[in-house]
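Q: sequence and predicted structure, then a few things I'm wondering about:
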Amino acid sequence: MVLNYIWIAFFLIAFVVALLRLIFLQDVGIFSELVNATFDNARTGFDISIGLTGVLTLWMGFMKIAEKGGMVDLMSRAIGPFFSRLFPSLPKNHPAYGSMMMNLAANMLGLDNAATPMGLKAMKEMQSVNKVKDTASDAQIMFLVLNTSGLTIIPVTIMVYRAQFGAANPADIFLPILLATFFSTLVGLVTVSLIQHIRLWDKVILTYLGGMTLLVVSVIWGLSQMDKEQMRVVSLLAANLILFLFIIIFIVRAVIRKVNVYEAFIEGGKEGFFIAVKIIPYLIAILVAIGVFRASGAMDFVVDAVARVVAFLGGDTDFVGVLPTALMKPLSGSGARGMMIDAMNTFGVDSFVGRLACTVQGATDTTFYIIAVYFGSVGIRNTRHALVCGLAADFAGIIAAILLGYFFFS
C-alpha cells in the first residue's frame, strides 16, 4: 500500500514540476524528456533483470547448498542461549524459538525465500501465547525489530546488482554492510530492551553483545591504522576471502551431511532464475517512476536543497546523492532498490555515491513493509513501540552506513 502511494506521488509530482517548468521557464521539451524517461528506464529495468539471471542463479545455488547442508540450523543453535534471554515472556522450549532462529539465520545468509515463511510461522506461534490478540506482545516486537534491523552476513542481492552493473569488485561493500547492519541491530535490540526492561547486564547477553562489539571495534580500529590504499587492499582481500570461505564451508558441510551438492546447486539455481524473471515488472515499475521523477527535475530540487543546508552548516555534501535511497528504505524495499540502481546508473557503480547507496541499501530492512506483513498475518493492529524501535534501528543503520562509506570509499 505504501509503495502504491509513493508510485502515484512520483508521477503526479513529476507532472506538476514539468508543468511549472513549461509555464515559467518555457521549457517546451520537458514533456518529451518525461516520455523518453519512461521508455529508457523500462529498457534499463528489463536489461538489469535479464542480466541478473546468471549471477542470481549462481548465488541462489550456493545458498541452497548452505540450506540443505544445515548451515541455517547450525547458526540457529549458535544463537540459542542469547535468544532465551531476549524473550523472557516466552515459555522455555516454546516452538517459536526454533522458527525465530531459523528466520534470522536465513536472513543473515541472504536466504529471503526461506526467511519469510519461517518468520511468519514464528509470529503465528508467538500469537498463541499472546494474551491480547490484536496487540503486539513484547516477544513479537523484539522479533520484528531484529528483522527490521536487517543483520546480514552475506549481502547476496546487492553484490549481484553490483556485478550486473560491471563493478570492478562487487564484494567491496561486503565489510561496510556487515558493520552497518551490526550497528543497526545493536541499536534496535538495546532500544527494545530498555523499553521492555530486559536485563542487558545478564552475563549471556553481555558475552554475546560484548564479543560482537569487540570484534567490530577491532576491525574498524585495525583498518584505521592503515593508509587508504592499504585499507582498500586488505578490506577487499578479507571480503573476498571470507565470501569464498563461506562457499567452501557450505560445500564441505553439505558433503559431510551426504547432500547431493550438484543437485542442490541446480535446485537453488532454478529458484534464482525464476526470481530474476519474477522481479522484471516490479523493477520496471519503480525505475520508470523514479526516472520520470528525476527527468522532471524534482529529485534534483530535493537533493540540491539538502546539499545547500549541509553546505551552509559546514558539512561535506558528497553523501547527498544517496539520500533518496536512505529516505525510501524504511518505506519500500523495492523502492529503495530502485533508488540504489538509479544512483549506480547516474553516478557510476564504483563511484562514492554508487558504493554508498549499496551500503545504505544493505544497512537495514524495510520497517513499514515488515510490520504490515508480519503483524498483519496474525491480525495485530496495535503495534505499540514496534514502529519507533524499528525506525530507530533504521536511522542508526543509515547513519552508520554513511560514516562507514566515508571511512572505506572516500
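A: Nice, thanks for sending it over. Numbering: from 1, shown residues only.
Q: so Gly119 makes contact with Leu146?
A: No. Gly119 is beyond contact range of Leu146, at 10.0 Å (criterion: C-beta atoms under 8 Å). Using the backbone N, CA and C atoms, a C-beta is placed for each residue, glycine as well.
Q: buried ones in the helix or strand where Val233 lies?
A: For Val233, the enclosing helix or strand under DSSP states H and E is helix 228-256. Under the neighbour-count criterion of 16 or more other C-beta atoms under 10 Å, helix 228-256 has 231-232, 235-236, 239, 243, 246, 250-251, 253-254 buried.
Q: which residue is the nearest non-sequential neighbour of the spatially most central residue of the chain?
A: By C-alpha atoms, centre = their mean, the chain has its centre lying nearest to Gly362, at 3.6 Å. Among residues not flanking Gly362 along the chain, Ile177 sits closest, at 3.7 Å (C-beta to C-beta, 6 or more residues apart in numbering).
Q: so which strand or helix has the one you found?
A: Going by DSSP H and E, Ile177 is in helix 174-196.
Q: next one: Met299
A: Mapping Met299 onto the secondary structure by DSSP H and E places it in helix 298-312.
Q: tell me what that helix is packed against?
A: Contacting helix 298-312 under the criterion 3 or more C-beta pairs under 8 Å, 6 or more residues apart in numbering; DSSP states H and E are the following elements: helix 2-25, helix 280-295, helix 323-328.
Q: residues in contact with it: which ones?
A: Helix 298-312 is contacted by residues 13-14, 17, 290, 293-294, 316-317, 320-321, 323-324 when judged by C-beta atoms under 8 Å, 6 or more residues apart in numbering.
Q: and that helix, how far out from the chain middle?
A: Taking the mean C-alpha point of helix 298-312 and that of its whole chain, the gap between them comes to 25 Å (C-alpha atoms, centre = their mean, to the nearest Å).
Q: okay, the angle between that helix and helix 280-295?
A: Orientation note: helix 298-312 sits at an angle of 60 degrees relative to helix 280-295 (axes from the mean of the first three to the mean of the last three C-alpha atoms, to 10 degrees).
Q: just the buried residues of helix 298-312, please?
A: For helix 298-312, the buried set under the neighbour-count rule, 16+ other C-beta under 10 Å, comprises 298-299, 302-303, 306-307, 310.
Q: again, but for stretch 118-131
A: Buried residues in stretch 118-131, counted by 16+ other C-beta under 10 Å: 118-123, 125-127, 130.
Q: ok, Pro324 - contacts?
A: Shown here is Pro324, whose contacts under the criterion C-beta under 8 Å, 6+ apart are 290, 299, 302-303, 339, 342-343.
Q: likewise Gly272?
A: Contact analysis of Gly272 by C-beta under 8 Å, 6+ apart lists 53, 56-61.
Q: next one: Asp350
A: 167-168.
Q: wasn't it part of a strand?
A: No. Inclusion of Asp350 in a strand is not indicated when DSSP: H, G, I helix; E, B strand; the rest coil is applied; the result is coil.
Q: gap between it and Ile290?
A: According to C-beta to C-beta, to the nearest Å, Asp350 and Ile290 sit 21 Å apart.
Q: same thing with Met159?
A: Computed with C-beta to C-beta, the distance linking Met159 and Ile290 is 22 Å.
Q: before we move on, back to that, any idea of the angle the helix holding Met299 forms with helix 2-25?
A: For the pair helix 298-312 and helix 2-25, the angle between their directions (the same axes, to 10 degrees) equals 90 degrees.
Q: I'd like the numbering to begin with 13 instead of 1 from here.
A: Done: numbering now begins at 13, and the last item shifts to helix 310-324.
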